[in-house]
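**Student:** need a structure here:
(2 chains)
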Amino acid sequence: MREKLISPTEDFSEWYIQVIQRAELADYAPVRGCMVIRPYGYALWENIQQSLDRRFKETGHQNAYFPLFIPYSFIQKESEHVKGFAPQLAIVTHGGGKELEEPLVVRPTSETIIGYMYSQWIRSYRDLPVLINQWCNVVRWELRTRPFLRTMEFLWQEGHTAHATFEEAEEETLKILYIYRDFAQNEAAIPVILGKKSESEKFAGALHTYTMEAMMGNKWALQAATSHNLGQNFAKAFEIRYLDRNNQLQYCWTTSWGLSTRFIGAIVMVHGDEKGLKLPPKLAPIQVIIVPIWKSDEEKEKVLAKIGELKSKLQAFRVKVDDREEYTPGWKFNEWELRGVPLRIEIGPRDVEADQVVLARRDTGEKWTVSTDDLGSKVEEALAKIQANLFQMAKKFLDENTYRLNDYQEFKRIIESDGGFVIAPWCESPQCEEAIKEETKATIRCIPFEQDGQPDRCVYCGKETTLKALFARAF
RNA sequence: CGGGGCGUAGCGCAGCCUGGUUAGCGCGCAGCGUUCGGGACGCUGAGGUCGGAGGUUCAAAUCCUCUCGCCCCGACCA
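**Tutor:** Reported below is the predicted structural model:
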């Protein structure tokens, strides 16, 4: 018998690592800070990709691919960008046995090389907007890593667009943020808070950064995606210019936005429980696991024949039959619960006789018997309920652990005891932000779009303000 | 890069302090049999240069020196 999973309430970090390994989402690689994404984890990523990719294409974006290597000089062209990324760069200095004349950076993100290409491609206002996305890997020399949440190499999509005006760029930046939210809430069943990053937390080189923040099971925040309005910073650094209708040379306004394999970590930490992973049906690599039950060979034959018959009714779903001989049904139940499969179908000799099956929900544990008539629509209904319930549970958790206050002692008490999100008035001074971070380890996750506009006093310094910021400890 | 911990079979560990047969245990793995509606059991078996290098010794997993790697916690970050 395998040792039981550690409880998330006992040690959330340890639980997270155990779930990822045991559910076979990923494994540690022989290189420090790197991981192998295993087939089950990669299938989840592919479903994430599909569902995002569809949304990008529906809004006019096209996929392309830019090189992994970037000339070192490119990174240095935008001063804030180089400051932000220099400490995290992997740099290739040798190739083919010789020292390179100019070192090559392994991309940490592609604003620079894409900016360069855009400067070659864009000449006229008629060329705009350029709406390109790429799916790729990037490398950042992280000192402290954790599977999916922070690895030295990770997979993501990065969108890069160029526009004629600030307004268009801003519209694009927000449009993408709303796409991310739609994806997070409707596909991953993760409720999110949208907002703007503070100056200290924004992307290196951006005019401003919008973010999508989610609450994990330990009440810490995770930045689940970001969308940046880069203003004309990169356009000026890379000479991305166009002639407008009046034959005037203008700098473009660019944006960039990304969502990474970190999102898989969010799915694990938002929905998971003491039994392991809980995957939202819309993204689950296996939506329905069928566990046959038999004693004799004769029963086995009957049960498997019946399953063959039923499978035709379930063609609309991602279904797997676990007909392994070497494990008992009870073992399989636990195994597939650990791996987060939303719905289980149990079928044994009794069920074959009665033309019925037992359905079991991963989210609630509920088990019930249904006749095999119209099984497809019953499964569909169950999956829809699970999808909705996962979102509602997560939303309830988020709401119950979000506090609105303006008293700093209360603020500290919440952050340091149970944890949670705190929405508190903030005077916009970096000094208050920094002091709060020093004293509580809570950072400004964002300035939420949703603001009540009521006059109040900064939770730290007491200065009058109407602005409220979202504070939390974060991964 | 600072602090802590750990490297012994695929995984988890014991043995080390106090050197001494053939290096053990649990899980997993293989074969056979009995099981199978919530993590089954019996029997048999395979699997180890004890992270690496040097040293001390008649003798090193064990003592000494150096080294490599990994994990956790901090600072930095998607």
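
**Student:** need the contact partners of the helix or strand bottoming out on mean pLDDT in chain A.
**Tutor:** Evaluated with mean pLDDT, DSSP states H and E, the helix-and-strand set of chain A has its lowest mean pLDDT in strand A:26-28, which scores a mean of 84. Taking contacts as C-beta atoms under 8 Å, 6 or more residues apart in numbering, the residues outside strand A:26-28 that touch it are A:20, A:21, A:34, A:35, A:36, A:37, A:38, A:41, A:147, A:148. C-betas here are computed from N, CA, C, even on glycine.

**Student:** do the same with stretch A:269-277
**Tutor:** Judged by C-beta under 8 Å, 6+ apart, the contacts made with stretch A:269-277 from elsewhere in the structure are A:5, A:7-9, A:12, A:15-16, A:19, A:22-23, A:25, A:188-190, A:214-218, A:222, A:268, A:278-280, A:334, A:337-340, A:390, A:393-394.

**Student:** turn the buried ones among these into a named PyMOL selection, would you?
**Tutor:** PyMOL command restricting the contacts of stretch A:269-277 to the buried ones, with burial defined by 16 or more other C-beta atoms under 10 Å:
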select buried, chain A and resi 5+8+12+15+16+19+22+23+25+188+189+190+214+215+216+217+218+222+268+278+279+280+334+337+338+339+340+390+393+394
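
**Student:** before we move on, back to that, what's the following helix or strand after the least confident helix or strand of chain A?
**Tutor:** Going down the chain from strand A:26-28, the next helix or strand is strand A:35-37, by DSSP states H and E.

**Student:** each with direction, which strands does that following strand pair with?
**Tutor:** Taking DSSP bridges as the criterion, strand A:35-37 forms sheet pairs with strand A:26-28 (antiparallel).

**Student:** list the buried ones in the partner strand?
**Tutor:** The neighbour-count check on strand A:26-28 (16+ other C-beta under 10 Å) flags A:26, A:28 as buried.

**Student:** how many neighbours does residue A:370 have?
**Tutor:** Residue A:370 has 16 neighbouring residues, counting by other C-beta atoms under 10 Å.

**Student:** actually, residue A:455.
**Tutor:** The burial metric for residue A:455, expressed as a neighbour count using other C-beta under 10 Å, is 9.

**Student:** list the contacts for the closest residue to it other than its chain neighbours?
**Tutor:** Using C-beta to C-beta, 6 or more residues apart in numbering and skipping residues adjacent in sequence, the residue nearest residue A:455 is residue A:466, 5.3 Å away. Remark: with contacts taken as C-beta under 8 Å, 6+ apart, residue A:466 is in contact with A:425, A:451, A:453, A:454, A:455, A:456.

**Student:** circling back to that earlier point, touching RNA strand B at all, the least confident helix or strand of chain A?
**Tutor:** Yes: legend: contact between strand A:26-28 and RNA strand B by C-beta under 7 Å from any atom of the strand is shown at residue A:28.

**Student:** would you agree residue A:202 is in contact with residue A:223?
**Tutor:** No: using C-beta atoms under 8 Å, residue A:202 is not in contact with residue A:223; the gap is 11.6 Å.
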